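Colleague: Pasted the sequence and its predicted model underneath.
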Amino acid sequence: MPLRRTPPKNTATGSDIDGASGFLSDSQVTDVSHNINTARLKRKRDSDIHEFMIEMRNAFSNFTQEQNSKFLKLESTLSENSQALKDIQVSNRCIEEAISFMSAQYDEFRTKINTLEDQMVQDRNYINTLENKIEELQRDSRKTNFEIKNVPKKPKETKEDLVNMIIGLSKTIDCPISKSDIKDTYRVRGKSENAANSPVIVETTSTLIKADIQKMCRAFNTRNKVNLCAKHLGLTIAEDTPIYVGEHLTPRATRLHFLARELKKSGAFKYCWTSYGKVYLRKTDDSKVILINSEVQIHQLSQQQK
């Protein structure tokens with residue numbers, strides 16, 4: 001069945017033609033010209049869009065090819081460096097294992113060192129305890145002894161000569177003793193065989209005798225302008241050689257007594273003395289008495305005075 005189209009409303013009819021000459025009117029000419037220009041512009045626009053799409057396709061294709069080329073180069077480079085990376089990874093693992101081993105060794109050594117340090121502290125404390133006990137034993141064994149320093153040595157000196165010197169000293173200071181009061185006496189060996197005036201040690205039978213002799217010796221030196229000397233021992237050689245009677249101190253106490261005397265000489269303390277093998281200091285007549293137990297204590301006292 002044939003289709004029929006309704007003619008457009010604006011379609012020109014025979015009555016619109018200017019007379020019978022068949023020419024278009026001005027308005028009709030304008031409409032035709034506008035339609036022609038519109039068609040041309042549409043074709044041009046379609047052509048521009050088509051060209052733009054072609055350019056975009058080409059640009060995208062070039063970009064894709066360039067990216068593929070770069071990717072291939074990167075893949076090639078990674079492939080070349082793959083072995084190097086593997087070697088580095090192996091080296092890193094070896095380093096990590098070495099560091100872990102060294103860390104474990106360090107921890108083990110640190111633990112051993114801490115254990116040894118703790119043991120050293122314990123040993124030091126134990127040694128100090130033993131030294132104090134030995135000091136007490138030595139001091140107890142010497143509690144009845146006294147010492148005469150700077151005694152001239154007689155030629156071919158015998159123990160009997162020493163006993164006679166001690167008895168002569170006791171008579172001089174008005175504290176006479178007998179031979180039975182002397183348990184033993186001997187001269188301390190010097191650093192060399194020819195050492196002169198080495199100390200003489202006297203062991204009495206009781207601490208009372210020792211204390212009385214020391215007390216009377218101090219009293220004698222206080223009463224007389226001339227202090228005790230060799231002639232008061234009954235010696236006829238080097239008679240004017242001064243002698244000193246004091247306690248028979250242990251090596252440790254002797255050292256402490258020396259350092260305490262040096263501290264007294266510096267003017268920091270007024271009094272320094274020994275009693276029953278112990279060393280004491282006193283700063284003034286009214287200050288408390290300080291018992292010296294160690295060299296560290298003397299060092300601390302010295303620092304306090306500065």
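Modeller: Ah, there it is.
Colleague: Tell me which stretches of the stretch 51-200 of the chain form strands.
Modeller: Counting by DSSP state E, counting those that start in this stretch, residue ranges of the strands within the stretch 51-200 of the chain are 145-149, 182-187, 200-204.
Colleague: I'd like these laid out as CSV, including distance to Tyr280, mean neighbour count and mean pLDDT.
Modeller: Every C-beta, even on glycine, is put in place using the N, C-alpha and C of the backbone. Converted to CSV, the strands of the stretch 51-200 of the chain look like this (distance: least, Cβ to Cβ, whole Å; neighbours: other Cβ atoms under 10 Å; pLDDT from 0 to 100):
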stretch, distance to Tyr280, mean neighbour count, mean pLDDT
strand 145-149, 18, 19, 94
strand 182-187, 27, 16, 93
strand 200-204, 22, 21, 94
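Colleague: export those to TSV and tack on distance to Glu80?
Modeller: TSV is the format used below for those (distance: least, Cβ to Cβ, whole Å):
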stretch	distance to Glu80
strand 145-149	94
strand 182-187	96
strand 200-204	94
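Colleague: Can you get me the start-to-end distance on stretch 175-191?
Modeller: The first residue of stretch 175-191 is 33 Å away from its last residue (Cα to Cα, to the nearest Å).
Colleague: Mind listing residues that contact that stretch?
Modeller: Contact partners of stretch 175-191, identified using Cβ atoms under 8 Å, 6 or more residues apart in numbering, comprise 144, 151, 153, 157, 159, 162-163, 166-167, 170, 195-196, 198-205, 209, 212-213, 215-216.
Colleague: Please list only the buried members of those residues.
Modeller: By the neighbour-count criterion of 16 or more other Cβ atoms under 10 Å, these include these buried positions: 144, 151, 153, 162, 166-167, 170, 198-204, 209, 212-213, 216.
Colleague: Mind checking which of the residues you listed land in helices?
Modeller: Using DSSP state H, the members of the buried ones among the contacts of stretch 175-191 that fall within helices are 162, 166-167, 170, 209, 212-213, 216.
Colleague: Which single one of those residues is nearest to Leu228?
Modeller: Relative to Leu228, the closest of these is Met216; by Cβ to Cβ it sits at 10.4 Å.
Colleague: How about the contacts made by that closest one?
Modeller: Under the criterion of Cβ under 8 Å, 6+ apart, the contact list for Met216 reads 173-175.
Colleague: Same check on Val279?
Modeller: The neighbours of Val279, taking Cβ under 8 Å, 6+ apart as the test, are 253, 256-257, 260, 272-273, 291-292.
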